[in-house]
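1. Pasting the sequence and the predicted coordinates here, then a few questions.
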Amino acid sequence: MAMLDTTEPAALRSSLERILAEPTPDALWALQKVLFVHGGPESARARAVAQAFHSFLRTLESKSGSRRASRFSAALGTAAVGSVSIAELRDRQDYGIRELLQLALPAVLEVGASLQSAEAWEIESRLIYDEHVWFLYEELWDASTTGRPESSATERAERIDAVLDPAIADSDRAALLVEIFRSVLAARVLPLLATP
């Protein structure tokens with residue numbers, strides 16, 4: 001990792017710009033170092049957001065890699081089972097229907113296992129999204145309380161729901177949550193750039 005320039009506020013601005021352009025776990029790690037140097041309670045809140053964002057990105061990387069490996073493994077297993085069955089069928093064309101089904105059963109089971117594995121990943125990923133949406137709801141509530149103190153609790157909840165509901169129901173939840181994390185992080189860091 002590169003040496004960190006902790007000159008305030010240039011390092012803070014640079015770190016935030018890097019994350020807003022392309023959020024990565026490494027960029028968030030660098031930001032939290034700058035936030036420690038900055039210090040104070042507002043910096044601590046920004047670090048909490050950066051840490052949750054970092055956790056989300058790392059978990060997403062891990063789960064995506066696991067999902068790709070699982071799908072590839074299932075495809076190879078299915079191909080291996082299928083190729084054995086095809087070779088046996090070619091060599092013995094006088095199979096009856098019962099024997100054909102017995103040869104096909106391992107391949108069908110392998111395909112079923114790969115589908116279950118993909119479904120398990122989807123369930124697990126929904127849990128990851130739900131955990132982070134919970135955190136973001138609290139952050140958005142706090143930001144709304146500070147930024148729009150005149151709003152009623154009902155108005156505040158409706159606005160937050162309008163932002164987060166798509167992240168709960170949309171098929172591209174990961175991209176939506178990344179965008180929401182970027183916004184919340186910017187809301188936490190930008191006031192630090194205004195303070196001396």
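-> Now that the structure is in, tell me what you want to look at. Numbers count the residues shown, from 1 in each chain.
2. what secondary structure does Glu150 sit in?
-> Here Glu150 is coil, with the state taken from DSSP: H, G, I helix; E, B strand; the rest coil.
3. Distance of it relative to Asp26?
-> 40 Å (Cβ to Cβ, to the nearest Å). C-beta: built from backbone N, CA, C; applies to glycine.
4. neighbour-wise, which of these two wins?
-> Per other Cβ atoms under 10 Å, whichever of Glu150 and Asp26 has more neighbours is Asp26, with 13 against 5.
5. List the buried residues for the strand or helix carrying the more buried one?
-> Per DSSP states H and E, Asp26 falls inside helix 25-38. Residues of helix 25-38 classed as buried: 27-32, 34-35, 38 (neighbour count, 16 or more other Cβ atoms under 10 Å).
6. Count residues in the vicinity of the closest residue in space to Leu20 that isn't next to it in sequence, would you?
-> With sequence-adjacent residues excluded and distances taken as Cβ to Cβ, 6 or more residues apart in numbering, Leu20 is closest to Arg182, at 5.7 Å. Look at Arg182: counted by other Cβ under 10 Å, it has 16 neighbours.
7. Would you map the helices across this structure?
-> Listed in chain order, the helices of the chain (DSSP state H) span 10-21, 25-38, 41-91, 97-147, 153-169, 173-194.
8. got the angle for the last one vs helix 25-38?
-> Interaxial angle, helix 173-194 versus helix 25-38 (axes from the mean of the first three to the mean of the last three Cα atoms, to 10 degrees): 30 degrees.
9. what angle do helix 173-194 and helix 10-21 make?
-> 160 degrees.
10. How many residues are close by His54?
-> Using other Cβ under 10 Å: His54 sits among 21 other residues.
11. Distance-wise, check it relative to Glu150.
-> Taking Cβ to Cβ as the measure, His54 falls 34 Å from Glu150.
12. same deal with Glu17?
-> 31 Å.
13. do Asp165 as well
-> 23 Å.
14. Name the nearest residue to Glu139, sequence neighbours excluded.
-> Nearest to Glu139 is Val184, by Cβ to Cβ, 6+ apart, at 4.8 Å.
15. how near is the one you found to His132?
-> From Val184 across to His132, the span is 11 Å (Cβ to Cβ).
16. and what of Val163?
-> In this view, Val163 and His132 are 13 Å apart by Cβ to Cβ.
17. No further queries at this time; thank you.
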